[in-house]
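Participant: structure for this input, please:
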Amino acid sequence: MALTGFLVPFASGALIKRQEIADEYDETAGEIIDAASAKYTEKLSLNNKAIELQNANYAAVEAALGTTVAEAAAKNGFLNEVDTNKVVNYVKESMPKGLVKRLQDLKLTEDGKSFLVKDYDDPKNEKERQLFNTIFKEDYTRAKSELGSQKNWAANNLNKGAIKNVSDLYLSGDEKLPEPTKIEKAQKFLFGDKITEETGATFNLAAEEALGTNIQVQPKAIKASTSLAERVGYVPAVDIGSVLNQDRAIQGILQVEGIKIGADGGIIFPDRFKAQVLAIKDNAQQYALEFTTDDGKVDVSNLMLRSNQDIEENIISPISATFIGYSLDTSDFAKNMNFRVMKASDINMTSKFIIDNGLAAEDFIVGTKAKLYPGGDSGTQSSIEKHWTLSTKAADAFQREIEIQPSKAMQAVYIDYLPDNMNININGNVMPIKTYYKQIFGIGSF
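Facilitator: Presented below is the predicted three-dimensional model:
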């Protein structure tokens, strides 16, 4: 009886202690699994929704624009992160109209993996070229399979029993773990492997490696590749409307009066408008497709207006902000010149251009009036009164602005809109700044 009385309290205490240790093990493992489950369950769900969204978007585009356009849209990432009820319009906006039409004219081969594209170097020879290595259906099946593998891993390993096994598998065979102490050996015998911070960190690395990759049917949205257009024989249209329609639109934009009609049906503009008219037409080519309707017609008026907006935003407005009292010279003298005559009453020393280029008042010396152009000092006179002689630093700053313009026509417009009451002294010879820049950039009669 004495022996029994001695053993019972000991056994009860051991059981309580054993349960406490077991509970501690379970609690640590549970915290690790709960965190991982919450993170990856949400991730896998979002990934699945993204894949299914692309699938639904492909079906919508295919129904509206055809299989070839849907395949091109998928490969260029236009089916990602777009609501299905908006995806057709998004594809239309993302691809040039001409490219959509060209894709619709193509045929699928029997295996559905490539398109028949004409070899335009030899119209009599129609060659078969593989445009894409896979079709969307195959890519979608692959994505679903990869996502399924991730879900299976999560189902089998996001549980307390798998933590130690996954951790052991993930650790490199070259890594040597410290030998367990006698107490640790005893605890392992009684309670199993203890889940430590190191075990948990290793498990999380394994989970990240197995579940951290986003599975996509196609890549994230990117710009339509030029190579795609080239491979399908698509050349962007450069039709900007008839000469007469272009000129009529520009006449309204610039509010030109006193025009004449030329032999080609176009408008003969006064010489002082020549640079801007040519620049508007030249710059309009980059926007032609945006203003081409589905039936191939060009919205010439809005196309020319859009082109001139570049001139106003990138040239006229910045120049205007650099000066005070910047305006058009409307004198008879100015109307007889072959360029726009502009004037300013002062320099805006707080403007972005002045500050960015580190210019000061001494870079604009009020000086004598240079002879504008032949005949400029006799007969009708400009209304410009105040003149400046620019330092080399100031002249170089304006020159850099001219250099970055995208075309010779735009450079000519920039020079045109500089104030005419600015000169530069070249070896004692004071000349108008416009003459100086026209010589540098070879503008000629612009």
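Participant: please count neighbours and contacts with C-alpha atoms only from this point.
Facilitator: Will do.
Participant: in this protein, where is pLDDT below threshold?
Facilitator: 1-37, 107-133, 155-207, 210, 212-213, 219-238, 264, 368, 370-383, 444-446 (pLDDT under 70).
Participant: which parts of it belong to which domain?
Facilitator: 1-236, 270-441 (automatic domain parsing).
Participant: buried residues of whichever helix or strand Arg248 is part of, list them for me.
Facilitator: Assigning secondary structure by DSSP states H and E places Arg248 in helix 243-254. Neighbour-count burial for helix 243-254, counted by 16 or more other C-alpha atoms under 10 Å, picks out Asn245, Gln246, Asp247, Arg248, Ala249, Ile250, Gln251.
Participant: for those residues, give me CSV that also has distance to Glu385.
Facilitator: Listed next are the buried residues of helix 243-254 as CSV, based on distance: C-alpha to C-alpha, whole Å:
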residue, distance to Glu385
Asn245, 39
Gln246, 37
Asp247, 34
Arg248, 35
Ala249, 35
Ile250, 31
Gln251, 30
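Participant: tell me the one among those residues nearest to Asn76.
Facilitator: The closest of the buried residues of helix 243-254 to Asn76 turns out to be Gln246 (C-alpha to C-alpha; 34.6 Å).
Participant: OK, contacts around that closest one?
Facilitator: Ile240, Lys281, Val300, Ser301, Met304 (C-alpha atoms under 8 Å, 6 or more residues apart in numbering).
Participant: tell me how far it lies from Glu257.
Facilitator: 16 Å (C-alpha to C-alpha, to the nearest Å).
Participant: what do you get for Glu362?
Facilitator: 41 Å.
Participant: over to Asp239?
Facilitator: 27 Å.
Participant: more crowded one of those two?
Facilitator: Asp239 (15 against 10; other C-alpha atoms under 10 Å).
Participant: surely the more buried one is in a helix?
Facilitator: No - applying DSSP: H, G, I helix; E, B strand; the rest coil, one finds Asp239 to be coil, outside a helix.
Participant: the closest residue to Lys335 other than its chain neighbours: what's it in contact with?
Facilitator: Ranked by C-alpha to C-alpha, 6 or more residues apart in numbering and with sequence neighbours excluded, the top spatial neighbour of Lys335 is Arg272, at 7.3 Å. Applying C-alpha under 8 Å, 6+ apart to Arg272 gives the contacts Lys335, Asn336, Met337, Asn338, Phe339, Arg340.
Participant: mind checking which of those residues are buried?
Facilitator: Lys335, Asn338, Phe339, Arg340.
Participant: these in strands, which ones?
Facilitator: Assignment to strands by DSSP state E places none of those there.
Participant: what's the closest of the residues you listed to Ile354?
Facilitator: Arg340 (23.2 Å).
Participant: where's that closest one relative to Val413, distance?
Facilitator: Distance from Arg340 to Val413, by C-alpha to C-alpha: 9 Å.
Participant: now swap in Asn152 and tell me
Facilitator: Distance from Asn152 to Val413, by C-alpha to C-alpha: 66 Å.
Participant: comparing the two, which shows the higher neighbour count?
Facilitator: Val413 (27 against 12).
Participant: can you pull the contacts of that one?
Facilitator: Counting by C-alpha under 8 Å, 6+ apart, Val413 has contacts Ala275, Gln276, Ala279, Ile311, Ile315.
Participant: a strand runs through the residue nearest to Lys335, doesn't it?
Facilitator: No - according to three-state DSSP, Arg272 belongs to no strand; its state is helix.
Participant: isn't Val298 right up against Asp239?
Facilitator: Yes - using C-alpha atoms under 8 Å, Val298 is in contact with Asp239, at 7.4 Å.
Participant: what touches both of these two?
Facilitator: Contact criterion C-alpha under 8 Å, 6+ apart; residues bridging Val298 and Asp239 by contacting each: Ala288.
Participant: and the strands in the protein?
Facilitator: Under DSSP E, the chain gives strands at 107-108, 115-118, 126-129, 260-261, 267-268, 323-324, 327-328, 342-343, 346-347, 364-366, 388-390, 422-426, 429-432.
Participant: what's the closest of the ones you listed to Gly148?
Facilitator: strand 107-108 (30.3 Å).
Participant: who does Asn429 bridge with?
Facilitator: Asn429 forms beta bridges with Ile426, as assigned by DSSP bridges.
Participant: that one: neighbour count?
Facilitator: Around Asn429 there are 9 residues (other C-alpha under 10 Å).
Participant: give me the contact list for stretch 60-73.
Facilitator: 58-59, 79, 84, 87-88, 91, 100, 103-104, 106-108, 135-136.
Participant: from Gln251, how far off is Ile267?
Facilitator: 8 Å.
Participant: same check, this time on Pro318
Facilitator: 24 Å.
Participant: now swap in Asn76 and tell me
Facilitator: Distance from Asn76 to Gln251, by C-alpha to C-alpha: 41 Å.
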